[in-house]
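> sequence-free structure coming up:
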């Protein structure tokens, strides 16, 4: 695998391919061409072939990709064959939406642990996830070997939550608070700033 | 303005600059260097200067940018000086989170119209937004000259909702359903696939 040279934009498309293959597989499709795969996603077939070529030789020229085979390969490349434990901090509207989002379960990713400061929320479950008190943060993370944390708390406390998550052993953070988190270099942060989506539509309508 | 040649990645960073300038302005900062702006966002100062240079000559060499001035310029570039009317379809967990998301109001973007199929939801307001029945879709959009639509409905009905929005006059769609929407070329769609964020963390932890 030539991961070091793989462009971020390629990495961002891999999940799209994976999800589309899942869909094709569920419809009984056994072989798919790069054109069919690209058409379904609005991506040129040349780009599809280029993206996948970073990881090996999957398809057969003039035939296409075996759906199940490529799916299993992408599963490994994306690390989805790992049993990731995921903790979400902040059981507000957004936190609840994330826990209940059907797309994650389809990928074998499940938010099983939720932390919140509100004692009322701590008493209840959230979907299939148990809600814990913020005081239990460290215990929940170490006891369950959690490596992925999702931050869905207000901006004012997001950095503090990030620090606590990292201290307890979290290595990757998905941050929904609209601030830039400062973390050590070995920690991966993905900022998910929802404003950007709406602003980019405003931009395109104006230009 | 040289919009035609502006890379998408630059466009994606403009909202970050704008939001950071807002924050600096609220703290009384009047002048900011490209280094300070970049440091606050984790973006190299050379990139900051390059991004902004697509739109004109804003800063002064060795001094920096006037915060208020650059902010007002970005507001125009991003089209935030327009009074966009925005409709959201689907008042589930995610829809509720979006309507209540504080980040939009700070930008002068407000989701004022919500549509849902559930008669129970239609009876109530959602934050400051009025919830309408799906039967009123066309009327709500044309009466209020709505150009931006947000889709927060299940995948199975997302394409149909998109078609109805476009028929009624919507020109830009922010799609949270994990499917690729097929639309005419003059319609701008931004797919917001939440799975991608989590998968990319899984990828980085595995590689």
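That came through fine. Predicted model only: the values in this text are computed from it and were never measured.

> Could I get the contacting residues of residue A:90?
By C-beta atoms under 8 Å, 6 or more residues apart in numbering or on different chains, the contact list for residue A:90 reads A:115, A:116, A:151, A:152, A:153, A:161. Bear in mind the C-beta positions are built from the backbone N, C-alpha and C, glycine included.

> swap the cut-off to 7 Å and go again
Contact partners of residue A:90, counting by C-beta atoms under 7 Å, 6 or more residues apart in numbering or on different chains, are A:116, A:151, A:152, A:153.

> Same list (those residues) but as a markdown table, adding distance to chain B and neighbour count.
Shown next, in a markdown table, are those (distance: C-beta to the nearest C-beta, whole Å; neighbours: other C-beta atoms under 10 Å in any protein chain shown):
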| residue | distance to chain B | neighbour count |
| --- | --- | --- |
| A:116 | 15 | 22 |
| A:151 | 12 | 27 |
| A:152 | 9 | 26 |
| A:153 | 12 | 25 |
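
> pLDDT, secondary structure and distance to residue A:38 for these - can I get that in a markdown table?
What follows is the contacts of residue A:90, written out as a markdown table (pLDDT from 0 to 100; DSSP: H, G, I helix; E, B strand; the rest coil; distance: C-beta to C-beta, whole Å):
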| residue | pLDDT | secondary structure | distance to residue A:38 |
| --- | --- | --- | --- |
| A:116 | 97 | strand | 42 |
| A:151 | 98 | strand | 34 |
| A:152 | 96 | coil | 34 |
| A:153 | 95 | coil | 39 |
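
> Could you measure from the closest residue to residue A:51 other than its chain neighbours over to chain B?
In space, and not counting its chain neighbours, residue A:51 is closest to residue A:10: 4.6 Å by C-beta to C-beta, 6 or more residues apart in numbering or on different chains. Residue A:10 is 11 Å from chain B, where distance means C-beta to the nearest C-beta, to the nearest Å.

> sec struct for residue A:10, please.
helix (DSSP: H, G, I helix; E, B strand; the rest coil).

> need the contact list for residue A:81.
Applying C-beta under 7 Å, 6+ apart, the residues contacting residue A:81 are residue A:75.

> Which pLDDT value belongs to it?
On pLDDT, residue A:81 comes in at 92.

> can you tell me the helix or strand for residue A:115?
strand A:111-116 (DSSP states H and E).

> Note down every partner strand of that strand and its orientation.
Paired strands of strand A:111-116, with direction, are strand A:86-89 (parallel), strand A:129-133 (parallel) (DSSP bridges).

> can you list the residues that contact the longest one?
Residues external to strand A:129-133 that are found in contact with it (C-beta under 7 Å, 6+ apart): A:91, A:99, A:111-116, A:121-122, A:124-125, A:140.

> Give me the buried subset of those.
A:91, A:99, A:111, A:112, A:113, A:114, A:115, A:116, A:121, A:122, A:140 (16 or more other C-beta atoms under 10 Å in any protein chain shown).

> what's around the closest residue to residue A:113 other than its chain neighbours, how many residues?
Spatial nearest neighbour of residue A:113, excluding adjacent residues (C-beta to C-beta, 6+ apart): residue A:87 at 4.2 Å. Neighbourhood size, residue A:87 [other C-beta atoms under 10 Å in any protein chain shown]: 24.

> related to what we said a few turns ago, spatially, which two of the contacts of residue A:90 are the most separated?
A:116 and A:151 (12.3 Å; C-beta to C-beta).

> Find out how far the helix or strand where residue A:15 lies is from the centre of the chain, if you would.
Taking DSSP H and E as the definition, residue A:15 sits inside helix A:8-26. Relative to its chain's centre, helix A:8-26 lies at 12 Å (C-alpha atoms, centre = their mean, to the nearest Å).

> Check stretch A:36-44 too.
21 Å.

> Name the residues that touch it?
So stretch A:36-44 is contacted by A:13, A:16, A:17, A:20, A:45, A:47, A:48, B:180 (C-beta under 7 Å, 6+ apart).

> So which bits of it are buried?
So, applying 16+ other C-beta under 10 Å, buried residues of stretch A:36-44: A:36, A:37, A:38, A:40, A:41, A:43.

> wait, does the worst-scoring helix or strand of chain A on mean pLDDT make contact with chain B?
The weakest-scoring helix or strand in chain A, judged by mean pLDDT, DSSP states H and E, is helix A:102-106 (a mean of 80). Yes: judged by C-beta under 7 Å from any C-beta of the partner chain, helix A:102-106 comes into contact with chain B through A:103, A:104.

> Which parts of chain A are strands?
Assigned by DSSP state E, chain A shows strands spanning A:31-32, A:65-66, A:86-89, A:111-116, A:125-126, A:129-133, A:148-151, A:172-175, A:188-191.

> a markdown table please, covering these and showing distance to residue B:55.
Output for the strands of chain A, formatted as a markdown table (distance: least, C-beta to C-beta, whole Å):
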| stretch | distance to residue B:55 |
| --- | --- |
| strand A:31-32 | 42 |
| strand A:65-66 | 42 |
| strand A:86-89 | 37 |
| strand A:111-116 | 40 |
| strand A:125-126 | 44 |
| strand A:129-133 | 44 |
| strand A:148-151 | 32 |
| strand A:172-175 | 28 |
| strand A:188-191 | 23 |
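
> and chain A, what are its domains?
Using automatic domain parsing, the domain parsing of chain A gives A:3-77, A:86-197.

> Determine which stretch of those domains is the most buried.
domain A:86-197 (a mean of 18; mean count of other C-beta atoms under 10 Å in any protein chain shown).

> And it, end to end?
25 Å (C-alpha to C-alpha, to the nearest Å).

> Contacts for stretch A:15-34, please.
With C-beta under 7 Å, 6+ apart, stretch A:15-34 has contacts from A:37, A:40-41, A:45, A:48-49, A:59, A:63-68, A:70-71, A:74, A:78, A:106, B:178, B:195-196, B:199.

> let's see 8 Å
A:37, A:40-41, A:43, A:45-46, A:48-49, A:51-52, A:59, A:63-68, A:70-71, A:74-75, A:78, A:80, A:106-107, B:178, B:193, B:195-196, B:199-200.

> low pLDDT regions in chain A?
Along chain A, segments meeting pLDDT under 70 span A:1-5.
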